[in-house]
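Undergrad: Please work out how this folds:
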Amino acid sequence: MKLKTSITILGGCLLIFLFIMLPIVLSIQEKKEDIVASYAGSAFSLIDVNNETITEKSFQGPLTAIFFGFTNCPDICPMTLSNLDQVIEKLNDNEKKNLKIFFISIDPERDNPQIIKDYLNSFKNKIYGITGDPKKIFVLSKSLKDYKGNAQRILNHYWSEVEHANKTPEISELDSPMEIKLLNWIKDSTFYKENVEKLEIQAQFKAGEYLKALDPTYSHPNYRTDFLMTYRDGDEVKNLIIEYDGFVEHFIDRDKVNEFNYSHYYSEGDIEREKILEGYGFPFMRFNKFNLGKDPVRDISKKLNSFFL
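TA: The predicted structure is shown next:
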């Protein structure tokens, strides 16, 4: 049986419609204030937050909105769902009755029905939460490279987030001996040990690619940073880029540099990169041989505690 459902996105909300384990056809027609999309697919089976079966028939109706995301998503998911929640408030009772909104997790290994249920309870209007068996359901029907434009950018952003969320880097992911030392110092710090459940660390964070996924106008280089540390405590989310600055690689006029003036001798490239990324909301914490004393674990712990707490 073939299914065809009309999906409208109101108020400029950006939703990506990607049906997983289905042969999908996406067609998007832009209008003045909305985007109309349609999809067609074959039979499938998922589960909702009450562990009840969801099939293609559940999406039949006058109007259906589908949002693919995950509960650990720090920005696009809660922002878009919140915007959609506000749009729904402006609808009359009959319009609300005819509208179904589905949130489908692309990270089912973490997003079990109860987690999704708790997540969606923070929104005022009814949003149906859906997940499923990751081995059977959440497999892309085609490669990300086959998608174009906004769909490709947002999907790349999602999969980057899913790949790295709640992950501490492996030593093999690191590029230099000092990065390995820095990661070990961080993990040995009191701050890390006391807050490990609230922390995520990405090694070799592809900041440039990440920002291009969120902002099509981003025209700066594909910057990488040593680490991105994210602290999550309830609704509070803080990001911090952590770098170890090798003396030869990051400083100019090295014969003049000392522990009192080192911040004035960073290379132009380092300064530009820091300013650009901080402009996008990614503050820097830089470590080097001048600002780490005899006890680097203690020094790092104090700095992280001061920044996050």
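Undergrad: which one in the chain is furthest away from the centre?
TA: Checked against the mean C-alpha position of the chain, the extreme residue using C-alpha atoms, centre = their mean is residue 255, at a distance of 41.9 Å.
Undergrad: contact partners of stretch 118-137?
TA: Among residues not part of stretch 118-137, those counted as contacts by C-beta atoms under 8 Å, 6 or more residues apart in numbering are 20-21, 44-49, 54, 58, 71, 81-82, 85, 88-89, 96, 100-105, 108-109, 111-113, 116-117, 138. Glycine gets a C-beta too; all of them are placed from N, C-alpha and C.
Undergrad: Pull the distance from that stretch to the chain's centre.
TA: Computed by C-alpha atoms, centre = their mean, to the nearest Å, the chain-centroid distance of stretch 118-137 equals 17 Å.
Undergrad: on that earlier part again, what about the residue farthest from the centre of the chain, distance to residue 247?
TA: 11 Å (C-beta to C-beta, to the nearest Å).
Undergrad: go on, residue 286?
TA: 13 Å.
Undergrad: Neighbour count: these two, which is higher?
TA: Per other C-beta atoms under 10 Å, whichever of residue 286 and residue 247 has more neighbours is residue 286, with 18 against 12.
Undergrad: just for the protein, where's the confidence low?
TA: Along the chain, the parts satisfying pLDDT under 70 run over 1-45, 61-62, 133-173, 175.
Undergrad: please redo it, this time with the cut-off set to 80
TA: 1-46, 54-68, 74-77, 106, 108-109, 132-175, 210, 212-216, 234-235 (pLDDT under 80).
Undergrad: Strands of the stretch 101-250 of the chain, start to end?
TA: Remark: strands assigned in the stretch 101-250 of the chain by DSSP state E, counting those that start in this stretch are 128-131, 199-205, 225-233, 236-244.
Undergrad: Could you list the alpha-carbon positions for the shortest one in PDB?
TA: Same thing as strand 128-131. Output of strand 128-131 as PDB, limited to C-alpha atoms (Å, rounded to 0.1, in the frame of the first residue of the first chain):
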ATOM      1  CA  TYR A 128       3.400  12.400  19.400                       C
ATOM      2  CA  GLY A 129       6.800  10.800  20.300                       C
ATOM      3  CA  ILE A 130       8.000   7.900  18.200                       C
ATOM      4  CA  THR A 131      11.100   5.600  18.400                       C
END
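Undergrad: partners of it, with directions?
TA: strand 45-48 (antiparallel), strand 99-105 (parallel) (DSSP bridges).
Undergrad: show me the contacts for residue 181.
TA: Applying C-beta under 8 Å, 6+ apart, the residues near residue 181 are residue 244.
Undergrad: so what's residue 242 bridging to?
TA: residue 227, residue 285.
Undergrad: correct me, but it touches residue 183?
TA: No - with contact defined as C-beta atoms under 8 Å, residue 242 and residue 183 do not form a contacting pair (9.2 Å).
Undergrad: Need the strands of the stretch 101-250 of the chain in JSON lines (columns: mean neighbour count).
TA: Listed next are the strands of the stretch 101-250 of the chain as JSON lines, based on neighbours: other C-beta atoms under 10 Å:
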{"stretch": "strand 128-131", "mean neighbour count": "23"}
{"stretch": "strand 199-205", "mean neighbour count": "21"}
{"stretch": "strand 225-233", "mean neighbour count": "19"}
{"stretch": "strand 236-244", "mean neighbour count": "18"}
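Undergrad: For residue 174, which of those strands is the nearest?
TA: Closest approach to residue 174 among the strands of the stretch 101-250 of the chain (C-beta to C-beta): strand 199-205, 5.7 Å.
Undergrad: Next, the angle from the closest one to strand 236-244.
TA: Here strand 199-205 runs at an angle of 40 degrees relative to strand 236-244 (axes from the mean of the first three to the mean of the last three C-alpha atoms, to 10 degrees).
Undergrad: Give me the sheet partners of strand 199-205 and which way each runs.
TA: In the sheet, strand 199-205 lines up against strand 225-233 (antiparallel) (DSSP bridges).
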